[in-house]
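**Student:** Structure of the sequence below:
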Amino acid sequence: MKEFAYTAYLSEIVFQIKIAQQAANRLPVDPGNFDHIEVWCSIQSILGATANVSKILWPSSKKSKERSKELRELLGINENSIIADRDIRNHFEHYDERIERLFQGKSGVNFIDLAFNPFKPQKWETPKYYQRAYNQVDRIVTFQNETLDLKEVLIALESIKTKCSVYVL
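**Tutor:** Next up, the predicted model:
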């Protein structure tokens, strides 16, 4: 029964990775005319699907810790994989709380949200008052002053998908 359950987990991991990959394919690299809503929709899809993979491999539930450890060992996934970090996804998922925290007790704040900045020649740095920002050339998502390189995420997901393919189609 355990093997069947593991096959179900691995199948779900592959499914979530395919969702993230399909969303990534919708992200434009051309700085010209593009659909801003589609970009943010794709980013949120990537973050959500990646978080779903992360929750299978690094659950918060104590009773699932052993199962997840066995799955990571089976797939040879490093403990400090970029997939384990759900911080940026959590900022997007709990955006209402981030807004509340930002404005609480203040009469005014600098606030820029849903920014695009594809033309920085050096490592992209966003001012701390940027909420959500995306560098479409480097594929870096930023929330306030935390960043996530979507290229690295997608590479890690592809590696996990390849490892899963030994066990599931």
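
**Student:** Ala23 is in what secondary structure piece?
**Tutor:** Applying DSSP states H and E as the criterion places Ala23 in helix 2-25.

**Student:** List the buried residues in that helix.
**Tutor:** Under the neighbour-count criterion of 16 or more other CB atoms under 10 Å, helix 2-25 has Tyr6, Tyr9, Leu10, Ile13, Val14, Gln16, Ile17, Ile19, Ala20, Ala23, Ala24 buried. In this view, the C-beta of every residue, glycine as well, is placed from N, C-alpha and C.

**Student:** Run through the neighbouring helices and strands of it.
**Tutor:** helix 36-57, helix 65-75, helix 150-164 (3 or more CB pairs under 8 Å, 6 or more residues apart in numbering; DSSP states H and E).

**Student:** Take the ones you listed and lay them out in TSV including mean neighbour count, distance to Ser107 and mean pLDDT.
**Tutor:** Converted to TSV, the helices and strands packed on helix 2-25 look like this (neighbours: other CB atoms under 10 Å; distance: least, CB to CB, whole Å; pLDDT from 0 to 100):
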stretch	mean neighbour count	distance to Ser107	mean pLDDT
helix 36-57	19	29	97
helix 65-75	15	45	96
helix 150-164	18	36	98
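
**Student:** So for Gly108, which of those sits nearest?
**Tutor:** With CB to CB, the closest approach to Gly108 among those belongs to helix 36-57: 25.6 Å.

**Student:** and the closest one, what does it pack onto?
**Tutor:** Short answer (3+ CB pairs under 8 Å, 6+ apart): helix 36-57 packs on helix 2-25, helix 65-75, helix 87-93, strand 132-135, helix 150-164.

**Student:** could the ones you listed go into TSV alongside distance to Trp58?
**Tutor:** Output for the helices and strands packed on helix 36-57, formatted as TSV (distance: least, CB to CB, whole Å):
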stretch	distance to Trp58
helix 2-25	12
helix 65-75	6
helix 87-93	12
strand 132-135	24
helix 150-164	12
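
**Student:** between the ones you listed, which one is nearest to Val109?
**Tutor:** Closest among the helices and strands packed on helix 36-57, using CB to CB: strand 132-135, at 15.0 Å.

**Student:** what's next to the following helix or strand past the closest one, contact-wise?
**Tutor:** Sequence order places strand 140-143 as the next helix or strand after strand 132-135, per DSSP H and E. Residues outside strand 140-143 that contact it (CB atoms under 8 Å, 6 or more residues apart in numbering): 43, 47, 88, 91-92, 98, 124, 126, 130-135, 147-150.
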